[in-house]
Every structure is written in C-alpha cells, then in structure tokens.
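> Give me a 3D structure for the following:
(one chain, ligands or ions: 1)
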Amino acid sequence: MKTKSKFMPEPFKIKSVETMSIPTAAQRAEAIKKAGYNTFLLRSEDCYIDLLTDSGTNAMSDRQWAGMMLGDEAYAGSRNFYHLESTVQELFGFKYVIPTHQGRGAENILSTLTIKDGDYIPGNMYFTTTRFHQERNGATFRDIVVDEAHQPDRDDIPFKGNIDLKKFQALIDEVGADKIPYVCLAVTVNLAGGQPVSMQNIKETCELAHKNGIKVMFDATRCVENAYFIKTLEKGHENKTIKEIVKEMFSYGDGCTMSGKKDCLTNIGGFLCMNDEELYTNACGMVVQFEGMPSYGGMAGRDMEAMAIGLQESVNFDYISHRVNQIKYLGELLESENVPMVKPFGGHAIFLDARAFLPHVPQENLTAQTLAAAIYEDSGVRTMERGIVSAGRDVVTGENHKPKLETVRLTIPRRVYTYAHLDYVAESIVNLYKNKESIKGLKWVYEAKVLRFFTGRFEKIN
Ligand code: F0G
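Below is the predicted model of the structure:
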C-alpha cells in the first residue's frame, strides 16, 4: 500500500465545518429500502460520506464567500456578469459568453439552435443530459471515442478520452458533413472514468472537423482536470501553466457548454460560449425564453461572482494537483487489494468495474445499481450507478442500451473530504469486496421514460 507521505496534504485549511451524520446499520438498511435501492433517492442526511457526484458539491473558498456579498442583483447588466464574462474570455478565449442555470441549460440552447431533424452528433462517449438534448432535437448520437475507452482494465494508454479519427472520418463518409452540425468534444470524458483528451487529439479532431465545415463544441465541464493530465502526461506541455493549457485547448475549437458546478468550484450555474456572432445572437434570443436575460441566464449576481473567482482558483496548480491526486490516492488504496476498477484513474472519480466486482450478478439484474445500493447499506457511503440504468433505452427501438462499462462511480467533491475520509471509503469497499457473494441483484419497480436513473425504483431479487 502506498503511504500518505507520497501525497501532499490538503493545500487549504478549514475555517468553517459542517457536521456529518453517521447512520447506524439499521438506519441504513431502512433508508435504502425506502429509496427504492436508488442512491439518488436517499436523503442527504442519511449519508455519511457522499460520493454521489462532484456536481454542485464543491466547497467554496473564503474569497468566493466574500464575493457572494458583492452580488449586484440588478435584473440587467449586473457588474458580476461583466466580471464573469471577462474571466471566461480571459481563461477560455471564446468571444461570447452566455450564463445559464447549469450545464444542461447551455446544452438545451446549443442543441435547439444547431440541430435539424435527421442530423448526427458525434462525441467522445455520451453524457446523459447532453445526449438527451441532442436526441430531443432530432439528432442521432454517434460514439466516436477510441475503443479502449470501453475497456475498463486497459491502463496502458494515458488519453483514453481521445476521439478515434477514423471513426469520425467514417461517419462523415457515411452521412455527409452537412448532416453533422458539430462534434461534441468532452474534456474529460465523465462516463469513461474521467479520462482525458490529449492536446494532439484536440488539434487533430478540430482540423478534421474544420476541413469538413463542422464545428467543434467542447463540453468544458472538467476542462481544468483535463489540462492537468496534459501537463503531467503529454510531452511538450510540462512547462506550461494550467491556465496556458486550458486556453490552448479551447483555441482550436468554436465554443463550449459548461457546467459550472464542477470545475468552476461553485454550487450552481453554467454557461455557453461561442465565437460565431450569428449563433450568439440566436442564443441570446433563446436564453431569454428559458433562462433569463443574457446577462444572468438563471444565475444570481452573487453566484456569477463566486463563479468568476472560482474559475481563477481552479487553474492554480496546487489546487488541481491535490484534486486529481485525491482520486489517485483512493484508487491506489483499492488497487492494493485488487478491487476491479476503470484504469487509469481519471480526474474526478474512481469507477468500480461492477461486472468484475460482482461477476455473479448479470447486467440484466442491474449489476452496478446493485453494487451502489450495497455499498451504501454497508458503510453509509453514497455512490452512483453508471451502467445499464443510466444508459437508458434506444429512442427508436425502445431496447435497453447495454453499455460495456457497467460501473459504480465514487465521485470526489472538490475541497470537501480529507485523505482520512478516503481511507474509510477504501476500507469499507475492500471489506464488501471480500464478502461480495452475499450480494444479490435488483429488478425494476418503476422506470421513468427519460433520464430514468434519477427517479427509478428497484427491489431486491431473492
Ligand atoms: N456534461 C458533463 C460531462 C457532465 O458531467 C454534466 C453533469 C453535464 C454535462 C450537465 O451539467 O448537471 O450542470 O446540467 N454531470 C453531473 C454528474 C450531473 O454527476 O456527473 P449540469
């Protein structure tokens, strides 16, 4: 087992604390049953360590909280908007910035304005809400990520989030470039395990797209984590700052959607960026219908201020290095006990390979959902299913998507937990792995038509 001394301690100290609840075994068993064995339906108060998501769960800094007091809550033209706008322009380099209530607000606007019925959107693996908006507007999503991204134990390639350029070219040849309004390039790739995309691949993808008149729209949600991997793993970038790398990544593309709830170090918010003036004008017309004025897009002035400050903090090397190393620390603890996981470890989470963890529970018995429920029941640690339940059904045939990756995500919120919390998580999961035979599968009791993982209910199979 690796010792802690290999890892730098937290680059922050604690100024304010939040007491955690520690539910008993009986309370946990009752809570998960009441939640229909869906960790999304647990009450936060029933969880000890909450690794459901890194979305909106960030701890803000003293400076961000101070910024909250500077909120200019004017209906239009808030000074915090101009601060956010200039920060995003400085860090990302895009011309136009439109705030939205969160990432999916930006996805809605981009998809509605650019997709026609019968179009195709290629991307490096799907994300749930992103694909939902693409399909809702009549597009077919095509996964063009490298094959290795679907193989949990392939740890010999550092940039498993890369686009497979041959798959991209094949789609262009098959459907024609005029049916592809943009390629969605996610940095990092959440569902592949938080896997990064190399600068080289970003460049080549943008070249191929632009040669064919196709735009490149980034999903910038975890772009700072991606930049850290480029700095530490890709030759020629080791002496650049995180800030320089982020800007270079985006310099090759045409715009982005952003969930501010992740790498902006805030609890809510998002934005849409683009260089194209016509798209910007149309997006301003749409944001007023669904989000709010183009100068707030569903966000309070104070939240825009916290986001502007958070973005600057996120590109600090000590911060991002600790952030990504926390994932590695947890991964190495589990690895030393041979717990099966997606490798290499990504930027925001450890993904347990549920098929290998519970080989006796087949995918139709919802392997990862079963494991997530069992982890909670065992230790009070809340995690998230990212397998067949999250993948949903094919919009045309109604059949279940059957993803190769059947995973449980242990997502680490930013600046929230210490290494000691991660020790507890690792110990509980290792114990559960040793007693895995007692875990049986689950079956559906209620399935919603869209994004079913949020509200689905399940029952234990005897
Ligand atoms: N894109 C990616 C890669 C995401 O991970 C998310 C959200 C979104 C877009 C949507 O952003 O939530 O602000 O509307 N991911 C969260 C998660 C929900 O838990 O992974 P949003």
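> so who does the residue nearest to the spatial centre of the chain touch?
The centroid of the chain falls nearest to residue 190 when counting by Cα atoms, centre = their mean (4.4 Å). By Cβ atoms under 8 Å, 6 or more residues apart in numbering, the contact list for residue 190 reads 125, 127, 221, 222, 348. Quick note: C-beta positions are derived from backbone N, CA and C, even for glycine.
> quick check, nearest of the residues you listed to residue 156?
Nearest to residue 156 out of the contacts of residue 190 is residue 125 (Cβ to Cβ; 18.9 Å).
> who's the residue lying closest to that closest one once chain neighbours are set aside bridged to?
Spatial nearest neighbour of residue 125, chain neighbours left out: residue 145 (4.6 Å); criterion: Cβ to Cβ, 6 or more residues apart in numbering. Going by DSSP bridges, residue 145 is paired in beta bridges with residue 163.
> Just list the residues touching residue 145, thanks.
Residue 145 touches 123, 124, 125, 161, 162, 163, 164, 189, 192, counting by Cβ under 8 Å, 6+ apart.
> ok, the second one - how many residues close by?
What that stands for is residue 124. Residue 124: 31 surrounding residues under other Cβ atoms under 10 Å.
> what's the answer for the last one, then?
Residue crowding around residue 192 was assessed by other Cβ under 10 Å; the count is 26.
> Surely it touches residue 405?
Yes. Using Cβ atoms under 8 Å, residue 192 is in contact with residue 405, at 7.2 Å.
> can you put the contacts of residue 145 in CSV and add pLDDT?
Shown next, in CSV, are the contacts of residue 145 (pLDDT from 0 to 100):
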residue, pLDDT
123, 98
124, 98
125, 95
161, 98
162, 98
163, 98
164, 98
189, 97
192, 93
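> Can you tell me the closest non-neighbouring residue to the closest residue to the ligand within the chain?
The ligand sits closest to residue 103 of the chain, with a gap of 2.5 Å, by Cβ to the nearest ligand atom. Setting aside the residues directly before and after it, residue 103 is nearest to residue 259 in space (Cβ to Cβ, 6+ apart), at 2.8 Å.
> Also residue 153?
Nearest to residue 153 is residue 343, by Cβ to Cβ, 6+ apart, at 6.3 Å.
> Contact partners for the one you found?
152, 153, 154, 155, 193, 331.
> Who wins on neighbours among these?
Busiest of these [other Cβ under 10 Å] is residue 193, holding 29 neighbours.
> Stretch 54-62 - what's its average pLDDT?
For stretch 54-62, mean pLDDT rounds to 98.
> does the ligand sit close to that stretch?
Yes. Under the criterion of Cβ under 6 Å from any ligand atom, the ligand is reached by stretch 54-62 at residue 55.
> quick check, distance from that stretch to the centre of its chain.
Centroid displacement of stretch 54-62 relative to its chain, using Cα atoms, centre = their mean, to the nearest Å, is 14 Å.
> same check, this time on stretch 365-376
For stretch 365-376, the distance to the chain centre is 20 Å (Cα atoms, centre = their mean).
> Now for residue 192 and residue 405: what residues contact both?
150, 342.
> rewinding a little: pull the most distant pair out of the contacts of residue 343.
Taking Cβ to Cβ, no two of the contacts of residue 343 sit farther apart than 154 and 331, at 15.2 Å.
> just to revisit the earlier point, and the least confident of the contacts of residue 190?
Among the contacts of residue 190, residue 127 has the weakest pLDDT, 92.
> ok, it to residue 296 distance?
Distance, residue 127 to residue 296, using Cβ to Cβ, to the nearest Å: 25 Å.
> Contact partners for residue 450?
Per Cβ under 8 Å, 6+ apart, neighbours of residue 450: 132, 392.
> That one belongs to a helix?
No. Per DSSP: H, G, I helix; E, B strand; the rest coil, residue 450 lies outside any helix segment and is coil.
> For residue 139, see how far away it is.
Counting by Cβ to Cβ, the gap from residue 450 to residue 139 is 15 Å.
> Same check on residue 423?
For residue 423, the distance to residue 139 - Cβ to Cβ - is 45 Å.
> So which of these two has more stuff around it?
residue 139 (24 against 14).
> I'd say the more buried one and residue 123 touch.
No. Taking contacts as Cβ under 8 Å, residue 139 lies outside contact range of residue 123: 10.4 Å.
> What is the particular helix or strand that has residue 409 in it packed up against?
Secondary structure from DSSP states H and E places residue 409 in strand 407-411. Of the remaining helices and strands, those touching strand 407-411 by 3 or more Cβ pairs under 8 Å, 6 or more residues apart in numbering; DSSP states H and E are strand 349-353, helix 354-357, helix 367-379, strand 384-386.
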